[in-house]
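>>> Structure, please.
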Amino acid sequence: MSEIDEILAQIPLPSLAAQLGVDERTAEAAVRSALPALVGGLQSNAASPDGAASLAGAIEQHPATLFDGGLDLGGLDLDDGAKILGHIFGGGTDQVAQQVDADMGAQLGGVPEGAAGLGGGSGSLVSRLLPMLAPIVMAFLAKRLQGGGGPTSSAPSSGGGLQDMLGSILGGLGGR
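Numbers count the residues shown, from 1 in each chain. All right, here's what the predicted structure looks like:
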């Protein structure tokens, strides 16, 4: 099982789909399309020593226990998610959401934009999903850093260690 699949397995898709107002297939496609963008943005941030140290500090602030007892989507801090996105993408979150929307449409078999809740802007499906996924990804990384077997367990603040862990997550996407 890839690490993306591990993250996805923790997310209650029926609840997520209901919150987003879409079917489960669309919710899963949205998550599978959005996760690489989030992880890739984190990997870019970890490329510099300052970025890696900042990311390591941020990861430590997110509870690895978020998944314990099942993930409660209602308990996610969406304001925190928006802050995380601001740190990852700067002012480019809307552009990332538009690209993820396009990727998701392709994953759903060329569904025209707008046909499944897609579309640009702050009200798009992906724009509503990203602040939910950001704290989930941070908690997943925290769990890995706290002994979950990730390559950074010995040096969590090193840029190479974080980049290796994030790269391994992205590397699992080859067969999607």
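
>>> nearest spatial neighbour of A139, skipping sequence neighbours?
Leaving out its chain neighbours, the residue that sits closest to A139 by Cβ to Cβ, 6 or more residues apart in numbering is L66, at 3.7 Å. Placement of C-beta: from N, CA and C, glycine included.

>>> where's that neighbour relative to Q10, distance?
8 Å (Cβ to Cβ, to the nearest Å).

>>> shared neighbours of those two, anything?
Common neighbours of L66 and Q10, using Cβ atoms under 8 Å, 6 or more residues apart in numbering, are I136.

>>> Who has more neighbours out of these two?
Taking neighbours as other Cβ atoms under 10 Å, L66 and Q10 compare with L66 leading, 19 against 15.

>>> so what pLDDT did the spatially most central residue of the chain get?
Centroid check for the chain by Cα atoms, centre = their mean gives L35 as the closest residue, at 3.9 Å. Per-residue pLDDT puts L35 at 93.

>>> cool, and S157?
Looking at S157, its pLDDT reads 43.

>>> thinking again about what came up before, contacts only, for the residue nearest to A139.
Applying Cβ under 8 Å, 6+ apart, we find L66 in contact with P135, I136, A139.

>>> ChimeraX command for the buried members of those residues?
To isolate the buried subset of these in ChimeraX, counting by 16 or more other Cβ atoms under 10 Å, use the following:
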select :135,136,139
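
>>> before we move on, back to that, tell me if I'm right that the residue nearest to the centre of the chain and S2 touch.
No - if you go by Cβ atoms under 8 Å, L35 and S2 don't touch, sitting 10.2 Å apart.
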